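1. how would this look folded up:
(chains A and B)
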Amino acid sequence: MNKKIAWVILFFIALILQRTLMPTFAIFGICPDLIIYFVVFTALFHNPFYGLIVGAAIGFSEDLLAGKYIGLYTISKLSAAYVVAFVGAKFYKANFFIPTMAVLVATFVSNFVYLILADLLGAGMPIYGTVFRYILPQMIYNAVLAPFIYIPVYLFFTRKNALDDRGELD
Amino acid sequence: MPKFGFRIKIIFVLAILVAILILASATAMERSRLSFVENGLRNFLAPMQNGATIISEKISQIPQYFVGMDTLTERNKALEARVAELQGKLEKLADVNVQNTYLKELLGLKEEMADWKPVAVSVIGRSYDAWYNTITIKGGTDQGFKQNMPIITADGLVGRILSVSDSSSEVLLITDKESAVGAMMQLSHLPGVVEAATDSVGSLYMIHVPYDAQVETNQVVMTSGLGGIFPQGLRIGYVTKVDVEPGDLMLQISVQPFVDFERLEIVFVLTNVPTTIVGTALVEPVTTSDSGK
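-> Okay, the predicted model is just below:
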């Protein structure tokens, strides 16, 4: 239970850092998305349903901070969690190549779903331009950083799952 | 039975998705008031964002400290020379200011900047993605801030307040895709609209300018006051490129903003701007040769 609280606190820290520290790491206007790591790693290490719920909750928190088009981050993060949870379940999680690919795919799915829905709702986003100038560079940026973030998270979750198996959590 | 259960699940999921899309559609337009939940979350995060921003600034200064040591002495000498030069200019400007005040009084004009009651606030967060180009500033309804109040720095126009919570406000930058600012050329008063460039981050376009208008690079673009939100005379940027599409009736003018949006730390909220203003320019006319940043 303590680890779940720690996870929530870590999420809020990530949410704050995303809007404060991360812009200082921007390259050509693109900065890494800390939030997508939470979505991906939660979806990878838990059962798919739990991953979806957490993905939606994370997206909804972003929606509340954005203040516009409330629900689009929810659906986009939910979609990313869905893809990662159901595809990632087939792979061996100790292989560090898997989370890198998962972050790559999740970044694309999350942003692309948002782009399409925002366009449908009349936001007037240039689809090709946004994909090539924003989404693809951010996929690469997020994926490059993924292994460095994954290692501590992997240790955190494998320890937690071991406790779960013994019924020491919840 | 299992098929029936599966259908129920599908219908349930679709209903939730439709409900979320309706919510997204309903919140697509700007709202003057935030919901209780949004307000609560922002108030909860604002103090922590403020602290994190201070720490982030310190962290971002560490590399500059090491890199800057070599050039610091040289720069110090140059700055001392510059201070001496500016001191001389300042004395001249004091004389000019007295004369200017006298002339303005004669014309019945007011010092609008003072009337606009600018309030200095610090930037405590920023959204940096493809969808939103916003910053979060310290201070909200507790400081009397309201939606659409203009935000400026000493360099020029930053944006306007999009939404306000108790202790923080979200500011829509002029580089956001949903921003549109009534603008004009400083010298010719040629009107147009400044909006975000969709093909490069942080750049602007001035649109709705007839193809035969006389526009040159380095001309200064400023607010026209015609949009009803921004007062007239706030500097926006300078012209970097003028494109004429064959067969098109309008020019597409690339504008480089004066404000460095990646280095915003302190901004001013103009808390007392009438909804429709036609005032005087806040800056002296700048010739095309020295109008760049």
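
2. buried residues in the host helix or strand of B:His208, which are they?
-> Using DSSP states H and E, B:His208 sits within strand B:204-210. Of all the residues in strand B:204-210, those buried under the rule 16 or more other Cβ atoms under 10 Å in any protein chain shown are B:204-206, B:209. Placement of C-beta: from N, CA and C, glycine included.

3. can you pull out the strands in chain B?
-> Ranges of strands in chain B, per DSSP state E, are B:118-128, B:133-138, B:150-152, B:157-164, B:168-173, B:180-185, B:191-196, B:204-210, B:220-223, B:235-244, B:250-257, B:266-270.

4. tell me the angle the fifth one makes with strand B:157-164.
-> In this case it means strand B:168-173. 140 degrees (axes from the mean of the first three to the mean of the last three Cα atoms, to 10 degrees).

5. for the last one, same thing?
-> Here strand B:266-270 points in a direction 70 degrees away from that of strand B:157-164 (the same axes, to 10 degrees).

6. do strand B:266-270 and chain A meet at all?
-> No: if you take Cβ under 8 Å from any Cβ of the partner chain as the test, strand B:266-270 misses chain A, and the best it gets is 15.3 Å.

7. hang on, isn't B:Val220 packed against B:Met184?
-> No: in this structure B:Val220 lies outside contact range of B:Met184 using Cβ atoms under 8 Å: 9.9 Å.

8. the longest helix in chain A is where?
-> Looking across chain A with DSSP state H, the single longest helix is helix A:136-165.

9. wait, I meant chain B
-> The longest helix of chain B (DSSP H) is helix B:36-107.

10. give me the mean pLDDT for that one.
-> Helix B:36-107 comes out with an average pLDDT of 76.

11. could you do stretch A:147-164 as well?
-> Computed over stretch A:147-164, the mean pLDDT rounds to 68.

12. report the central residue of chain A.
-> For chain A, the residue sitting closest to the mean C-alpha position, by Cα atoms, centre = their mean, is A:Ile36 at 1.9 Å.

13. report the secondary structure state of that residue.
-> Assigned with DSSP: H, G, I helix; E, B strand; the rest coil, A:Ile36 falls in the helix class.

14. spit out the contact partners of it.
-> Going by Cβ atoms under 8 Å, 6 or more residues apart in numbering or on different chains, A:Ile36 touches A:77, A:80, A:103, A:106-107, A:110, A:142.

15. which one of these sits closest to B:Met149?
-> Set against B:Met149, the nearest of those by Cβ to Cβ is A:Lys77 (32.0 Å).

16. the closest one is in contact with A:Leu52, isn't it?
-> No: when contacts are counted by Cβ under 8 Å, A:Lys77 is not listed as touching A:Leu52 (9.6 Å).

17. comparing the two, which residue is more hemmed in?
-> Neighbours per residue (other Cβ atoms under 10 Å in any protein chain shown) separate A:Lys77 from A:Leu52, with A:Lys77 holding more: 31 against 22.
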